[in-house]
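Asker: Output the structure for:
(one chain, ligands or ions: 1)
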Amino acid sequence: MTDLTRLSAADLADKLAARDVSSVEATQAHLDRIAEVEPAVHAFLHVSGDEALATARDIDARRAAGEQLHTLAGVPIAVKDIIVTKGLPTTAGSKILEGWVPPYDATLVSRIKDAGLPILGKTNMDEFAMGSSTEHSAFGNTHNPWDLDRIPGGSGGGSAAAVAAYEAPLAIGTDTGGSIRQPAAVTGTVGVKPTYGGVSRYGLIALASSLDQAGPVTRTVLDSALLHELIGGHDPRDSTSIDEPLPDLVAAARLGRTGDLTGVRVGVVSELTGEGYQAGVSARFAESLDLLRSAGAEIVEVSCPHFTYALGAYYLILPSEASSNLAKFDGMRFGLRVEPDEGPITAERVMAATRGAGFGDEVKRRIILGTYALSAGYYDAYYGSAQKVRTLIQRDFAAAFEQADVLVSPTAPTTAFKLGEKLDDPLAMYLNDVATIPANLAGVPGLSVPNGLSDDGLPVGFQVLAPAKADDRLYRVGAALEALLEAQWGGPLLDRAPELEVGK
Ligand code: GLN
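Answerer: From the prediction side, this is the model:
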């Protein structure tokens, strides 16, 4: 029998629809794989096997009864632990939420449940999604399935590693500055940050509300399109949700797979290439451009001069919003409550003791930075200036999209680095997101697709960016590049990953 964990979600869905396999078999195969590799990978914070199998049994019964089901019904999925799930622990990677079980589902989780996808569990992440390596998780780091001594990216390293290690065919991530795309790049998977407002944020534990978006993490571009269509679309519970139908993403991915890009203008952002990018990353990027050209695309060079300031603006806007969003973790409402060792038990002292014990160093660093940037004397100099830069970046995008239908760059400057290598150097860690952050500041969608191995044998990602609400362009160009590369490689990039050393 074929190994069910190796199938793409689309292929597994076909087998389920044809009743070649049952959802119980598919779900059990993934739970077995999780049991086998989790000691080495640690992608999950919580595995919900019983609940997943119950959903699978229900779907199998409904299918047997002839009910019309969603395309992805019965295909298992993993969900990043920053997304609230009724009855399943949700920690956002933080001790401050240890033991908290949400009383409700995020909108995207309701949609997943309504469509009948068994939820395998909650995936590991940097605490409150702050980081690029998953090393800031309060519950231990996740290992990159390509090399267990290396980081799986962050903050959504758990979702990316779970998909790369065949523990789940589909996963959900969130991307505030790159946390879906950068982990996808360094694990050889596909990750998509939808247009801001394209997927409901209701039930996402907010990091920076004006930047956060949830999106798909998968092994193929088509699978991301299928999942994006399931979770996306208007939600009255999110006031920033776009009240328009999504473009036809699945059709765009299928069109892309034909490998024809005649007439598509692809803009190379000069500020997101060259210096600072690992040689192998730049080389794969140049080869991918040649492939797109051979498929009929017109390659043009565009300049977005203010992208140089994106990282600086982001690290003022994000901490400012985060410091406000995290104020609700006060020892009274959710999860952890710590009382002071001595002295009176006042609200303020319980709050200080709880936050002191419950938050990790990176979270504290950003709260301090954010409250400082927002303080009366410094607001205009820091937060106000950052917002102005944000507007200039949006204008750069608008001008660039006059010249090109999509913009492209490497997703991340380097391949996966060694665990521990950048942990004591916050600035070095922040630099991983130079290429992904501009999209969040402007609200435009972005996709990362694997485009080869660097000289160190580790995966590299190619980023595609499109104008807001034109997410279909990501899928067309992403799927075209994927098809062209797979024709060269004779199969998906992940087939070239070394076998996992499970005993490690
Ligand atoms: N690495 C970035 C940060 O630390 C991105 C985080 C994210 O997208 N959630 O803020």
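
Asker: Please report phi then psi for Asp455.
Answerer: phi -60, psi -20 (degrees, to the nearest 10).

Asker: I'd assumed Ala279 was in contact with it.
Answerer: Yes - between Asp455 and Ala279 there is a contact under C-beta atoms under 8 Å: 6.6 Å. The C-beta positions use only the backbone N, C-alpha and C, and glycine is treated the same way.

Asker: Tell me which of the two has more neighbours.
Answerer: Neighbour count, other C-beta atoms under 10 Å: between Asp455 and Ala279, Asp455 has more, with 12 against 9.

Asker: if I look at the more buried one, how far off is the ligand?
Answerer: Note on Asp455: its distance to the ligand, by C-beta to the nearest ligand atom, to the nearest Å, is 25 Å.

Asker: Now do the same contact list for that residue.
Answerer: Ala279, Gly280 (C-beta atoms under 8 Å, 6 or more residues apart in numbering).

Asker: please redo it, this time with the cut-off set to 10 Å
Answerer: Contacts for Asp455 (C-beta atoms under 10 Å, 6 or more residues apart in numbering) come out as Gln278, Ala279, Gly280, Val281, Ala283, Arg284, Thr415.

Asker: Filter the residues you listed down to the ones in helices?
Answerer: Judged by DSSP state H, helices contain the following of the contacts of Asp455: Ala279, Gly280, Val281, Ala283, Arg284.

Asker: Closest one to the ligand out of the residues you listed, please.
Answerer: Among these, Val281 lies closest to the ligand (C-beta to the nearest ligand atom), at 17.5 Å.

Asker: That closest one and Ala416 touch, don't they?
Answerer: No - in this structure Val281 lies outside contact range of Ala416 using C-beta atoms under 10 Å: 11.6 Å.

Asker: got any residues that touch both of those two?
Answerer: Residues touching both Val281 and Ala416 by C-beta under 10 Å, 6+ apart: Ala185, Ser454, Leu458.

Asker: which of the residues you listed has the most neighbours?
Answerer: Ala185 (35 neighbours).

Asker: Which residues of the stretch 51-200 of the chain lie near the ligand?
Answerer: Ala129, Met130, Gly131, Ser132, Ser155, Asp175, Thr176, Gly177, Gly178, Ser179 (C-beta under 6 Å from any ligand atom).

Asker: Could you give me the PyMOL syntax to select whichever of those are buried?
Answerer: Selection of the buried residues among those in PyMOL, burial being defined by 16 or more other C-beta atoms under 10 Å:
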select buried, resi 129+130+131+132+155+175+176+177+178+179
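
Asker: so of the residues of the stretch 51-200 of the chain next to the ligand, which ones are in strands?
Answerer: Among those, the residues falling in strands (DSSP state E) are Asp175.

Asker: Any buried residues in the lowest-mean-pLDDT helix or strand in the chain, and which?
Answerer: Here the helix or strand of the chain ranked lowest by mean pLDDT, DSSP states H and E is helix 426-430, holding a mean of 91. Across helix 426-430, burial judged by 16+ other C-beta under 10 Å covers Pro426, Met429, Tyr430.

Asker: I'd like to know which elements that helix is packed against.
Answerer: In terms of contacts (3 or more C-beta pairs under 10 Å, 6 or more residues apart in numbering; DSSP states H and E), helix 426-430 is packed against helix 310-325, helix 361-374.

Asker: immediately after the last one, which helix or strand?
Answerer: Reading on from helix 361-374 to the C-terminus, the next helix or strand found by DSSP states H and E is helix 385-403.

Asker: tell me which residues in stretch 449-467 are buried?
Answerer: 449-454, 458-467.

Asker: what residue is smack in the middle of the chain?
Answerer: Nearest to the mean C-alpha position of the chain, counting by C-alpha atoms, centre = their mean, stands Ile180 at 2.0 Å.

Asker: Look up how far His30 lies from the residue in the stretch 301-450 of the chain that the ligand sits nearest to.
Answerer: Distance from the ligand to each residue of the stretch 301-450 of the chain (C-beta to the nearest ligand atom) is smallest for Asp433, at 4.8 Å. Plainly put, Asp433 is 30 Å away from His30 if you go by C-beta to C-beta, to the nearest Å.

Asker: With Ile119 instead?
Answerer: From Ile119 across to His30, the span is 11 Å (C-beta to C-beta).

Asker: out of the two, which sits in the more crowded spot?
Answerer: Applying other C-beta under 10 Å to Ile119 and His30 shows that His30 carries more neighbours, namely 27 against 21.

Asker: wouldn't the more buried one be in contact with Pro118 here?
Answerer: Yes - assessed by C-beta under 10 Å, His30 is found in contact with Pro118 at 8.5 Å.

Asker: Could you count how many residues lie near Leu31?
Answerer: So Leu31, with other C-beta under 10 Å, has 23 neighbours.

Asker: immediately after the helix or strand encompassing it, which helix or strand?
Answerer: Under the criterion of DSSP H and E, Leu31 resides in helix 23-41. As assigned by DSSP H and E, the chain's next helix or strand after helix 23-41 is strand 44-47.

Asker: pLDDT of the helix or strand following that next one, averaged?
Answerer: In the C-terminal direction, the helix or strand that comes right after strand 44-47 (DSSP H and E) is helix 49-64. The average pLDDT for helix 49-64 rounds to 98.

Asker: The helix or strand that comes right after helix 49-64 packs against which elements?
Answerer: On the C-terminal side of helix 49-64, the closest following helix or strand by DSSP H and E is strand 77-80. Strand 77-80 sits against helix 23-41, strand 44-47, helix 107-115, strand 119-123, helix 157-164, strand 170-175, strand 213-218, helix 221-231, with contacts defined as 3+ C-beta pairs under 10 Å, 6+ apart.

Asker: No further queries at this time; thank you.
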